[in-house]
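Novice: predicted model and sequence follow; I will ask about them next.
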Number of protein chains: 2
Amino acid sequence: MGQWLSIGALSRATGVKVETIRYYERIGLMPAPLRSEGGHRQFREAELRRLRFIRRARELGFTLDEVRELLKLADGGAPCAEVEVMARAHLTGVRERIADLQRLAESLAHLTRRCERVDTSAVCPLIDDLFGD
Amino acid sequence: MGQWLSIGALSRATGVKVETIRYYERIGLMPAPLRSEGGHRQFREAELRRLRFIRRARELGFTLDEVRELLKLADGGAPCAEVEVMARAHLTGVRERIADLQRLAESLAHLTRRCERVDTSAVCPLIDDLFGD
DNA sequence: CCTTGAATCTGTAGCCACTACAGGTTCTAG
DNA sequence: CTAGAACCTGTAGTGGCTACAGATTCAAGG
């Protein structure tokens, strides 16, 4: 009943799974928290904020390494310009992935459209296409 | 100099890396090929066609399990309807991923836009946002 | 025929970001 | 005091490769 959260409470508060929290600690993304007599983790406000930050950055698609970088910038006073550079680079990457997937969806749609026109169970043009030279 | 390809030649012919070809064999996606006296793999037309099929299906974003399924269908005469079902399901998945990424790009664009408006090196609104409750 | 060096062989470990156990200990409510 | 929920550590698995290390085999040139 103090000012701390158990790992389960922190998990509920952030939406990050218990195992993942321990994983983040293991890889040094989260600091080692205080412990109870018996060895249970006790988290405080700072850790809650940090973990929320991590979760949101992950939701924006940053890799853990990028999150690490972002946290370093944040901890170091965060010159906005540098953060923006990272975010923009990331955005560019995301847009490229979207473009890739769109091309892919295009191809798939095209292939399935060809499938539609085959009466019942002839040789599938999609399969044929994948095999063709 | 017969009718077979070495693993390197197959790799060049398909664009699939040598290690990946061996990996596909290990997981049973490619059949175990003939071997030379000394133990080197000897691939023939059938394997070339199969590997090309795999590569193209992978380019369309199918998982290896889906590729396996597709190959089973292809080997079994391929009733076009079933193939179409798989392809459509896959297409739906791809479109969902595109939608997810677009939402993500939207958020990122929004955040970086807010960054732009900060003069020089104030507290970064992007970082702030990720920390906020 | 012999040598050189490129290609190939097997087996194992690493990557990312978790997730899922197993087998034990601690905490908390009744 | 006790039951059982929550927690602990450590290890292994996921997908789809990729990257070694250290040994062997192959093809071409002399």
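Specialist: Okay, I see it.

Novice: and the helix ranked longest in chain A with chain B, contact?
Specialist: Looking across chain A with DSSP state H, the single longest helix is helix A:80-116. Yes. Judged by Cβ under 8 Å from any Cβ of the partner chain, helix A:80-116 comes into contact with chain B through A:80-81, A:83-84, A:87-88, A:90-91, A:94-95, A:97-98, A:101-102, A:104-105, A:107-109, A:111-112, A:115-116. Every C-beta, even on glycine, is put in place using the N, C-alpha and C of the backbone.

Novice: those residues, buried ones only, as a ChimeraX selection?
Specialist: In ChimeraX syntax, the buried subset of the residues of helix A:80-116 next to chain B is picked out as below (16 or more other Cβ atoms under 10 Å in any protein chain shown):
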select /A:80,83,84,87,90,91,94,97,98,101,104,105,107,108,111,112,115
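
Novice: about what we covered before: helices or strands up against the longest helix of chain A?
Specialist: With contacts defined as 3 or more Cβ pairs under 8 Å, 6 or more residues apart in numbering or on different chains; DSSP states H and E, helix A:80-116 has these neighbours: helix A:64-75, helix A:125-131, helix B:80-116, helix B:125-131.

Novice: so which of those helices comes closest to DNA strand D?
Specialist: Nearest of those to DNA strand D, taken as Cβ to the nearest atom of the strand: helix B:80-116 at 11.5 Å.

Novice: ok and that closest one relative to helix A:80-116, angle-wise?
Specialist: Here the directions of helix B:80-116 and helix A:80-116 differ by 160 degrees (axes from the mean of the first three to the mean of the last three Cα atoms, to 10 degrees).

Novice: give me the angle between helix B:80-116 and helix B:64-75.
Specialist: Note on geometry: by the same axes, to 10 degrees, helix B:80-116 and helix B:64-75 are set 150 degrees apart in direction.

Novice: pLDDT below threshold where in chain A?
Specialist: Applying pLDDT under 70 to chain A flags the ranges A:1-2, A:78, A:119-122.

Novice: residues from it in reach of DNA strand D?
Specialist: A:Ser6, A:Ile7, A:Gly8, A:Ala9, A:Ser11, A:Val18, A:Glu19, A:Arg22, A:Gly39, A:His40, A:Arg41 (Cβ under 7 Å from any atom of the strand).
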